[in-house]
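Got a predicted structure here, sequence first:
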Amino acid sequence: MPNSESTIAPSTQSNRLLNDFKQLYQNLDESSISRLDQVYAAGVKFKDPVHDIEGVVALQDYLSAQSEGLTECRFEYLDELIGDHSAYIKWIMRFRHAKLGNRLISVRGVSHVHFSDKIDFHEDLYDMGALLYEQIPLVGTITRWLKARLSR
């Protein structure tokens, strides 16, 4: 559930679409991945720090591959700005992955989406270091040290 919301006069249709979008990612699993076509246009463009994907089928394939080994993946929505055809949604993703010691990992990020009747553009922005590099034993130690050093 959102802790606070900032809204820019969204239409009822925009609210409904974005609520459906957030529900799909609330607890990401194969069931929600199979329903992506309910909120995404067939030719959706998806970007994140690692991938640039085109098409809802390719997005389903990508998310299915990324979810292999996940024992938990959920999103907490913190804030949002919604217009008639675009939105920014700030979130925390919490997940456990077998290959990363199955401990709970939290990553903050923002999704930027464009839409009409369905989402046709989705870009996720997040700290790749917090998501992956900090979770690998030796690389994580170096990444955290560099971050601390740069923040002085």
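Right, received. Where do you want to start?

Please report how far residue 22 lies from residue 76.
10 Å (Cβ to Cβ, to the nearest Å). Bear in mind the C-beta positions are built from the backbone N, C-alpha and C, glycine included.

show me where pLDDT drops low in this protein?
1-10, 128-152 (pLDDT under 70).

in it, which spans are helices?
Assigned by DSSP state H, the helices in the chain fall at 12-26, 30-33, 56-67, 128-131, 137-150.

Based on its surroundings, how many neighbours for residue 99?
If you count neighbours by other Cβ atoms under 10 Å, residue 99 ends up with 10.

Equivalent analysis for residue 33, please.
Quick note: residue 33 (other Cβ under 10 Å) scores 18 neighbours.

residues touching it, list them.
Shown here is residue 33, whose contacts under the criterion Cβ atoms under 8 Å, 6 or more residues apart in numbering are 60, 63, 64, 67.

hang on, isn't residue 73 packed against residue 67?
Yes - counting by Cβ atoms under 8 Å, residue 73 touches residue 67, with 6.6 Å between them.

Which of these two has more residues huddled nearby?
A direct count of neighbours by other Cβ under 10 Å for residue 73 and residue 67 places residue 73 higher, at 20 against 16.

re the thing from before, any common contacting residues for residue 73 and residue 67?
28, 29.

Who's the closest spatial neighbour of residue 78, skipping the chain neighbours?
Once flanking residues are discounted, residue 78 sits nearest to residue 90: 4.5 Å by Cβ to Cβ, 6 or more residues apart in numbering.
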